[in-house]
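1. I'd like to go over a predicted model; first the sequence, then the structure.
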Amino acid sequence: MEILNKAMSGKKERPIKVVQFGEGNFLRGFVDYMIDIANEQGKFDGDIVLIKPIEFGNLEMFHNQDCQYTVSLRGNVDGEAKILNRVVTSVADAVDTYNQYDKYMGLAEIDTLRFVVSNTTEAGIVFDDSDKFEMEPPKSFPGKLTKFLYHRFETFKGDMSKGLVMLPVELIDDNGIMLKKCVMQLIELWGLSDEFKTWVNDACIFTATLVDRIITGYPRATEAEEWEKLGYEDHIMVTGEPFALWVIESDKDISKEFDLPGAGLPVVFTNDHHPYKQRKVRILNGAHTSFVLAAYLAGKDIVRDSMQDDDIRDFMLKTIYDEVIPTLTLPEEELKAFAGEVVNRFNNPYVDHALLAISLNSVSKWRARCMPSFLGYVEKFGKLPAHLTFSLAALMAFYTGTEIRGKALIGHRDGQEYNIMDDMNVLEFFRDNCEKDTVSFVTAFLGSEDFFGQDLNKVEGLTDAVVAYLDDIKANGMRAALCKIS
């Protein structure tokens, strides 16, 4: 069987407009996929060069396929389970910063270049004061970018029209702001010119972004079957869900030159991405955190099966629509539409999302994802939100265990062990407190400022409510207790 290549894909050569730090599954199944559609729709007309920013690994598979690959999106579309395959042709080349340093720096000289995309993990956007300008390349991602920008600045003699637009998609707060801060710190550290600093400030744009799509990666377990269906070998294909959202915040308007919405793509340009992040964290992530521990103790193992259980689904829907959405700031219609997409995604027939995988670090997740909705509801309505309150009791029931083995607290469901994974101080707290009487256990948990940043016992009625829910779970089981919440 032939390996996918340019001749097979019919790739059209376009001007290089994007360099992309990172060649991983997410960028290829999200950014490069969108740019490919925008090219097809006549809204972008630009190619991408992938940059491998780390030392280990190689790009052999990319070059073997002329950087052509398949994106296979799988999930519910218009009420039907569908598989949507697309050969992505937007990537022109892939360059190794360490073994092809001169070629990498040469990309900065390309006249048509305009955008820099990056996904170097959450740890990638950091200032490293041991990084050096003389290194080829500097070791950190901000170091590599700063030197790349400096070479472009010198090549075009400070031409203000040759600045670049940074589109980082790393999952950290205000990613573009943090990246620019690192670049500015390196300019100071390396003693680069004030003229260059002005060029970075005035000619370049650092956007802050929010991205959302589940990418499940390469289908290794079904590789041969996938190739048979496609009719060719594809060693770098990417699978993921159909849903996608890309929110881009920038000081200057880039919507006309990056007109992905014009190609029908789910890209939002805004002057403040935070409400969209709040929506995602509080609805999607908050829904996960509020129901998965109860669902697991009620006998479920994956998200999709939980959504097909009427009791659990009803609990989740009431949490989102009755308790979370009323505390958010975006228009209600937008919030409800997004919530509908969340439920659709949770029902994806092609994704087996394990509840135990979502359960990791649930204490800090509850604080970040659920507590703002909980406190917002109390403030707005002057009473406790029943489902979010119950989720605290469910968390305590899930975290019940008296033995730490390795890095896990051992819990039990129907006589079978499961691993509770969290920071050691959290595990030790539950080991030492879970066998106390319920009032003492709940009071100690809610009163931990290490866990919540405040004493939640001070929220009127909360301690008694959690005690009552936890006693009910202990006495009658999770499902029976869950069904009583209205």
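-> Structure received. Numbering: from 1, shown residues only.
2. so who does Asn76 touch?
-> Shown in contact with Asn76 (CB atoms under 8 Å, 6 or more residues apart in numbering): Lys82, Pro242, Asn344, Arg345, Asn347, Asn348, Pro349. All C-beta atoms are positioned from the backbone trio N, CA, C, and that covers glycine.
3. ok, the host helix or strand of it: who's next to it in the sheet?
-> Asn76 is located in strand 69-77, with elements delineated by DSSP states H and E. Strand 69-77 has the following sheet partners, assigned by DSSP bridges: strand 80-88 (antiparallel), strand 238-240 (parallel).
4. for stretch 332-351, which positions count as buried?
-> For stretch 332-351, a neighbour-count test (16 or more other CB atoms under 10 Å) marks Leu335, Phe338, Ala339, Glu341, Val342, Asn344, Arg345, Phe346, Asn347, Asn348, Tyr350, Val351 as buried.
5. tell me what the helix or strand containing Leu179 is packed against?
-> Element membership for Leu179 (DSSP H and E) is helix 175-190. Secondary-structure packing of helix 175-190 (3 or more CB pairs under 8 Å, 6 or more residues apart in numbering; DSSP states H and E): helix 141-155, strand 165-168, helix 194-203, strand 205-206, strand 208-212.
6. Recalculate using a threshold of 10 Å.
-> The contact analysis (3 or more CB pairs under 10 Å, 6 or more residues apart in numbering; DSSP states H and E) places helix 175-190 against strand 115-118, helix 141-155, strand 165-168, helix 194-203, strand 205-206, strand 208-212, strand 245-249.
7. tell me the angle the last one makes with helix 175-190.
-> The one in question is strand 245-249. Between strand 245-249 and helix 175-190, the angle comes out at 50 degrees (axes from the mean of the first three to the mean of the last three CA atoms, to 10 degrees).
8. which residues touch the next helix or strand after strand 245-249?
-> Downstream of strand 245-249, the next assigned helix or strand under DSSP H and E is strand 267-270. With contact meaning CB atoms under 10 Å, 6 or more residues apart in numbering, strand 267-270 is reached by 34, 38, 207-210, 244-250, 253-256, 258-261, 276.
9. Let's see the ChimeraX selection covering just the buried ones among the residues you listed.
-> In ChimeraX, this line selects whichever of the contacts of strand 267-270 come out buried by 16+ other CB under 10 Å:
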select :34,38,207,208,209,210,244,245,246,247,248,249,250,254,258,259,260,276
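10. can you give me the strands in the stretch 351-486 of the chain?
-> 404-405, 408-413, 416-421 (DSSP state E, counting those that start in this stretch).
11. In space, what's closest to Ile172 - neighbours in sequence excluded?
-> With CB to CB, 6 or more residues apart in numbering as the criterion, Ile172 has its nearest non-adjacent residue at 5.3 Å, and that residue is Glu122.
12. Report the separation between that neighbour and Pro372.
-> Distance, Glu122 to Pro372, using CB to CB, to the nearest Å: 21 Å.
13. Run the chain-centre distance for whatever helix or strand Lys17 lives in.
-> Using DSSP H and E, Lys17 maps to strand 16-21. Put simply, strand 16-21 sits 21 Å off its chain's centre (CA atoms, centre = their mean, to the nearest Å).
14. Alpha carbons of it, as PDB, please.
-> The C-alpha trace of strand 16-21 is given here as PDB (Å, rounded to 0.1, in the frame of the first residue of the first chain):
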ATOM      1  CA  ILE A  16       4.700  30.400   3.600                       C
ATOM      2  CA  LYS A  17       2.700  32.500   6.100                       C
ATOM      3  CA  VAL A  18       3.000  30.400   9.300                       C
ATOM      4  CA  VAL A  19       5.800  28.900  11.300                       C
ATOM      5  CA  GLN A  20       4.600  26.500  14.000                       C
ATOM      6  CA  PHE A  21       6.600  25.600  17.100                       C
END
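15. how many neighbours does Leu456 have?
-> Residues lying near Leu456 (other CB atoms under 10 Å) number 23.
16. give the contact list for it.
-> Taking CB under 10 Å, 6+ apart, we find Leu456 in contact with 367, 371, 374-375, 392, 442-443, 445-449, 462-463, 466.
17. And the residues you listed, which of them are buried?
-> Using 16+ other CB under 10 Å, the buried ones in those are 367, 371, 374-375, 392, 442-443, 445-446, 448, 462-463, 466.
18. so Val426 touches Lys407, yeah?
-> No: at 11.5 Å, Val426 and Lys407 do not qualify as touching, with contact defined as CB atoms under 10 Å.
19. Leaving out chain neighbours, which residue sits closest to Ser90?
-> In space, Ser90 is closest to Asp36, 4.0 Å off (CB to CB, 6+ apart).
20. List phi and psi for that neighbour.
-> For Asp36, the backbone dihedrals (degrees, to the nearest 10) come out as phi -60, psi -40.
21. do you know how far it is from Val19?
-> Distance from Asp36 to Val19, by CB to CB: 16 Å.
22. Also Glu341?
-> 32 Å.
23. ok, now Val281?
-> Distance, Val281 to Val19, by CB to CB: 30 Å.
24. Return the member of the buried residues of stretch 332-351 nearest to Ile51.
-> For the buried residues of stretch 332-351, the minimum distance to Ile51 (CB to CB) is 29.7 Å, reached by Val351.
25. how long is stretch 14-33 end to end?
-> Terminal residues of stretch 14-33 are spaced 15 Å apart (CA to CA, to the nearest Å).
26. Only the buried residues of that stretch, if you could.
-> Buried-residue list, stretch 14-33, by 16+ other CB under 10 Å: 14, 16-33.
27. who touches Thr239 in this structure?
-> Neighbouring residues of Thr239 by CB under 10 Å, 6+ apart: 25, 29, 70-74, 83, 85, 214-219, 222, 226, 350-351.
28. go with 6 Å
-> Residues in contact with Thr239, defined by CB atoms under 6 Å, 6 or more residues apart in numbering, are Ser72, Thr216, Pro219.
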